[in-house]
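Got a predicted structure plus its sequence, pasted below:
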Amino acid sequence: MAVDWLLSLAVSSVLFPAADAGAMGLLAGAPLATLAVFGVSTAVLVALLGHTIGHRLVGVGVVRLRDVAGDGDVAGTARQRPPGLVAAVVRTALLCLVIPAAVWDGDGRGLHDVAAGTVIVRR
């Protein structure tokens, strides 16, 4: 989500300023540090809460595919659990590569969600 990238840029520009003296504002953060901030924050938030800040703002979340009924609806609120650490790390690592997020399956799930066994649902 764009909000998550913007927040990562802001944190990176404050904590890890780039060596390039010409960069200003949100672009002042080191590029790899920005990616690291995005990756860590996304993995931790998805693993523990089931959503990032951007997901929360638009009303969606990430759940394990096994927690979704065959008709596409989440099978009860008690089963809406965060995907867990391993699935969140796999999903985030692939998301940071960008290409898996641009490749979808027949159901519209990104390759990063397919590999992690997760799905985006409305909250």
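The structure has been received and is ready for your questions.

How much space separates Asp107 from Trp5?
25 Å (CB to CB, to the nearest Å). Placement of C-beta: from N, CA and C, glycine included.

what about the two, which has more around it?
Trp5 (16 against 9; other CB atoms under 10 Å).

Can you verify the more buried one is assigned to a helix?
Yes: under DSSP: H, G, I helix; E, B strand; the rest coil, Trp5 falls within a helix.

and it, what does it touch?
Counting by CB atoms under 8 Å, 6 or more residues apart in numbering, Trp5 makes contact with Phe38.

Distance check, it against Gly106.
Counting by CB to CB, the gap from Trp5 to Gly106 is 28 Å.

residue closest to the middle of this protein?
Thr42 (4.6 Å; CA atoms, centre = their mean).

Next one: it relative to Met24, how far apart?
In this structure, Thr42 lies at 26 Å from Met24, with CB to CB as the measure.

Which strand or helix spans the closest residue to Ser8 other than its chain neighbours?
Closest residue in space to Ser8, ignoring its immediate chain neighbours: Phe38 at 3.9 Å, by CB to CB, 6 or more residues apart in numbering. Per DSSP states H and E, Phe38 falls inside helix 31-48.

Dump the next helix-or-strand element following that helix to PDB, keeping only the CA atoms.
Once helix 31-48 ends, the next helix or strand along the chain (criterion: DSSP H and E) is helix 53-58. Taking C-alpha atoms only, helix 53-58 is exported to PDB below (Å, rounded to 0.1, in the frame of the first residue of the first chain):
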ATOM      1  CA  ILE A  53      -1.400   0.600   8.500                       C
ATOM      2  CA  GLY A  54      -2.400   1.000   4.800                       C
ATOM      3  CA  HIS A  55      -4.600  -2.200   5.000                       C
ATOM      4  CA  ARG A  56      -6.300  -0.900   8.000                       C
ATOM      5  CA  LEU A  57      -7.100   2.500   6.400                       C
ATOM      6  CA  VAL A  58      -8.800   0.800   3.500                       C
END
